[in-house]
Structure formats: structure tokens, C-alpha cells
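# model the following, please.
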Amino acid sequence: MVELTRFGISLDKSLLRQFDEHIKKKHYTNRSKALADLIRKDLIKNEWQENKTVCGVITLVYNHHKRELVNRLMDIQHDYHDNILSTQHLHLDEDNCLEIIAIKGKAKNIKELFGRFESSKGVKYAVFTEATTGKEVV
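Prediction:
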């Protein structure tokens, strides 16, 4: 079981009011959980900045009729096969596909991989969600 520590902080009254409104909208039941999540997000940002082993998800939308695009995307996946954990390919309609790619590796490699996907001619939408392996964060 995790050992809890109580501590006090001082905040500007209006900042605390804004924080309380913010966490209420997100359905937090208490400030402690909301604050812990903010701290974790910052620690995870550090993992990425320090080129640690991280994970995440790449989401792509593209027209599969675009000449050679599917082959280019597949070639990129093979070039980074050590970083790709899983892919899911969905047909949105007769032209468009959604590709969801779970990735893990050194942050620098993951950013490079995403850049190759994002810059591929014919990709309509590319977004990357950074995550953590959980080893560095409590």
C-alpha cells in the first residue's frame, strides 16, 4: 500500500476557485486526486524530454486510394517494427481509413516515427498521444 503524506500549500484565492471549478467539470471528487494527476502529467512530460522509454498511440486518417500511400505507411511501420506494439486498421467508408498504432520505445525514436507518418503525403489527419510505461510514475 502507498504511504500517504499530508502537506499544505498556499494559493491565490481566485486561482484555487478556478482550480475547483476545473476539477468539478472533470468530475474529480477531491483536490488530492486532481493535484496528483497534474503532477503525474508533468513527470510524464519529463520522461519524454529526457528520452526515456515511453509509449503512446498514433492515430492516422487517410484515403487508401492515394497512390502508394498505403505502401509508404507499411514501409514506415516495418522500419520501426521494434517500436510498434500493435496496429488496428478500420475502414471508415469506401475511401477513408483510420489506423491506430500503439507504440513503445525511446522518446526520440517515437517522435521520429510520428514525424514520418505525419509528413506522408496523403495523410489527412495525424495525432499523437504521449503516455508512460508506468515504471517511472507512482
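
# mind checking the SS state of residue 27?
Secondary structure for residue 27, judged by DSSP: H, G, I helix; E, B strand; the rest coil, is coil.

# residue 90 - that's part of a strand, no?
Yes - looking at residue 90 with three-state DSSP, it is inside a strand.

# show me what it bridges to in the sheet.
Listed by DSSP bridges, the beta-bridge partners for residue 90 are residue 98.

# how's the chain carved up into domains?
Annotated domains of the chain cover 14-49, 53-131 [automatic domain parsing].

# ends of the last one, how far apart?
By that I understand domain 53-131. Domain 53-131 has an end-to-end distance of 10 Å (CA to CA, to the nearest Å).

# any idea how far residue 41 is from residue 92?
Counting by CB to CB, to the nearest Å, the separation of residue 41 from residue 92 is 31 Å. The way it works is simple: take the backbone N, C-alpha and C, and place the C-beta from them, glycine included.

# in what helix or strand does residue 87 lie?
Applying DSSP states H and E as the criterion places residue 87 in strand 84-91.

# any stretches of this protein with poor pLDDT?
Applying pLDDT under 70 to the chain flags no residue at all.

# residues contacting the nearest residue to residue 109 once chain neighbours are set aside?
Distances taken as CB to CB, 6 or more residues apart in numbering place residue 83 nearest to residue 109, at 5.7 Å, with adjacent residues excluded. Applying CB atoms under 8 Å, 6 or more residues apart in numbering, we find residue 83 in contact with 103, 104, 105, 109, 110, 113.

# I'd say the fifth one and residue 56 touch.
Yes - look at residue 110 against residue 56 with CB atoms under 8 Å: they come within range, at 6.3 Å.

# first-to-last residue distance for stretch 88-98?
Stretch 88-98 end-to-end distance (CA to CA) = 8 Å.

# and for that stretch, what's in contact with it?
Residues from elsewhere that reach stretch 88-98, judged by CB under 8 Å, 6+ apart: 59, 60, 61, 62, 63, 64, 65, 99, 100, 101, 124.
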